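Q: Here is my input; please provide its structure:
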Amino acid sequence: IAIQSGDSSVCEAQPRSVQNVGWFYPWVRSAELGLIEKSPGEVVLRLVLNGMNLSEIILNECTFQLGFPFGRTKDANVNVITRHEDLTTRETDALKQLGIPDTGNMEDIVVEQVMEMSKQEISEKLSASDHGTEITVVTMFDKFEYTIPKDKLGGKSSLHLWLN
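A: Here you go, the predicted model:
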């Protein structure tokens, strides 16, 4: 703070701090990759991310290690579905460790991209270890790394919700 007194001025420093607020850190609870054949020759690859603070996704900064390009900004379509949902105690504890308050506002990010490959080519090129494949979701606030389990690659157990 600068205080002017006559011909002289006194400068006094006041200590300040910045508190790290984790409210907007992204958190991925689950992810599932599915292949949808909308019509003969039109194959859509759909990635559904479920978590919190994902709506500010920056798609061109995300990495999807699938073995072929996916999530290209010019080719992909992104939809956000927000709903209120109670979390388990384990999930609430995990959020506390990350500094994210449990608002119960869960988001589904649905990334769809029309593929220029056949269903067979995609299945052959899909690269995943026995554990699954790594993705990095980047938002304007931070990033979150997640492993999609192998059984959620190409599975259709929960994708029927978005087919209508």
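Q: T139 contacts G51, correct?
A: No: judged on Cβ atoms under 8 Å, T139 makes no contact with G51 at a distance of 10.3 Å. Placement of C-beta: from N, CA and C, glycine included.
Q: helix/strand/coil for the spatially most central residue of the chain?
A: The centre of the chain sits closest to V137, judged by Cα atoms, centre = their mean, with a distance of 4.1 Å. Following DSSP: H, G, I helix; E, B strand; the rest coil, V137 is assigned to strand.
Q: Could you check how far it is from L59?
A: Noted for V137: a distance of 9 Å to L59, by Cβ to Cβ, to the nearest Å.
Q: do W23 as well
A: W23 is 22 Å from L59, by Cβ to Cβ.
Q: Show me what counts as buried in stretch 137-150.
A: 137-139, 144, 146-148 (16 or more other Cβ atoms under 10 Å).
Q: about what we covered before: bridge partners for the residue nearest to the centre of the chain, pull those for me.
A: F144 (DSSP bridges).
Q: so who does it touch?
A: Contacts for V137 (Cβ atoms under 8 Å, 6 or more residues apart in numbering) come out as 26, 28, 49, 54, 57, 62, 143-146.
Q: Quick check, pLDDT for it.
A: As predicted, V137 sits at a pLDDT of 92.
Q: Wait, a helix at D93?
A: Yes: under three-state DSSP, D93 falls within a helix.
Q: Need the single longest strand in the chain, by residues.
A: strand 27-39 (DSSP state E).
Q: If we only consider the buried residues of stretch 137-150, which is nearest to T82?
A: Among these, T139 lies closest to T82 (Cβ to Cβ), at 14.3 Å.
Q: State the distance from that closest one to M106.
A: Applying Cβ to Cβ to T139 and M106 gives a distance of 15 Å.
Q: just C11 next, same as before
A: When C11 is compared with M106 (using Cβ to Cβ), they lie 49 Å apart.
Q: Those two: which is more packed in?
A: Remark: of C11 and M106, M106 carries more neighbours, 19 against 7, as counted by other Cβ atoms under 10 Å.
Q: who touches that one in this structure?
A: 29, 50-52, 82-85.
Q: secondary structure element for it?
A: Applying DSSP states H and E as the criterion places M106 in strand 105-115.
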